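Trainee: sequence first, predicted coordinates after that:
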Amino acid sequence: MSDVAAAAGVARATVYRYFPNREALLEALGRLALQDIGDHLVAARLNEVTVGDGLERAVRALVTVGDGFVVVARDRGRPANAAFEERIAAPVRDLLARGQREGEIRGDVPAVWLAEALFGLVVNVVGSGPPLGTEDTIAAIASVFLNGARARSAAG
């Protein structure tokens, strides 16, 4: 709480006036992050673009929120975070399922597994260094997710 107060440029007592404890502060930040990510995913119009473009837009929405996404992704098992399923997981899973139907995404594993793999990749990349810059990070995550980690051959 001291670090939050210092970063906000206010006294610690001011932070406690609005958030009685660390848990309340994290809960409020989680709600804001869920709203922000959900809004970004709606604005991305995932169902109106190709699956590849949609995946990149979805990754952009998650990476843009950054640490906020990491917090809500790690804390989504709580009943209060059912919004994660509705606002974040469902649109991404629907995009991946469409990709499976269209033959662009492998169909031998459930879309829910693929969504979880994507979320895990984003969480781990956002939470680690060194940073590549936002656009390079988005491109790298989308590429690793869609194409795997194998080196590209000279021909392709």
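Mentor: Noted; the coordinates are in hand.
Trainee: name the single longest helix found in this structure.
Mentor: In the chain, assigned by DSSP state H, the helix with the most residues is helix 22-43.
Trainee: for that helix, what does the pLDDT average out to?
Mentor: The pLDDT scores in helix 22-43 average 88.
Trainee: elements contacting it?
Mentor: Contacts defined by 3 or more Cβ pairs under 8 Å, 6 or more residues apart in numbering; DSSP states H and E place helix 22-43 against helix 51-65, helix 67-74, helix 82-84, helix 90-101. Where C-beta positions appear, they are placed from N, C-alpha and C, glycine not excepted.
Trainee: now that helix: how far from the chain's centre is it?
Mentor: Helix 22-43 sits 11 Å away from the centroid of its parent chain (Cα atoms, centre = their mean, to the nearest Å).
Trainee: got the angle for it vs helix 90-101?
Mentor: Angle, helix 22-43 to helix 90-101, by axes from the mean of the first three to the mean of the last three Cα atoms, to 10 degrees: 40 degrees.
Trainee: give me the contact list for helix 22-43.
Mentor: For helix 22-43, contacts defined as Cβ atoms under 8 Å, 6 or more residues apart in numbering pick out 1, 4, 15, 19, 58, 60-62, 64-65, 68-69, 71-72, 75, 80-81, 83-84, 87-88, 91-92.
Trainee: shaky segments in the chain?
Mentor: Within the chain, the segments meeting pLDDT under 70 span 77-81, 129-130, 152-156.
Trainee: list the buried ones in the host helix or strand of Ala140?
Mentor: Using DSSP states H and E, Ala140 sits in helix 134-147. For helix 134-147, the neighbour count (16 or more other Cβ atoms under 10 Å) marks 137-138, 141-142, 145-146 as buried.
Trainee: quick one: which of those is nearest to Val112?
Mentor: For the buried residues of helix 134-147, the residue nearest Val112 by Cβ to Cβ is Phe145; the value is 14.8 Å.
Trainee: ok, the closest one touching Leu121?
Mentor: Yes. The pair Phe145 / Leu121 is scored as a contact, 5.9 Å apart, by Cβ atoms under 8 Å.
Trainee: where does Tyr16 fall, secondary structure wise?
Mentor: If you go by DSSP H and E, Tyr16 is part of helix 12-18.
Trainee: got a list of contacts for that helix?
Mentor: 1-2, 4-5, 8, 25.
Trainee: quick one: buried ones out of those residues?
Mentor: Neighbour-count burial (16+ other Cβ under 10 Å) is assigned, among the contacts of helix 12-18, to Leu25.
Trainee: thanks a lot, see you next time.
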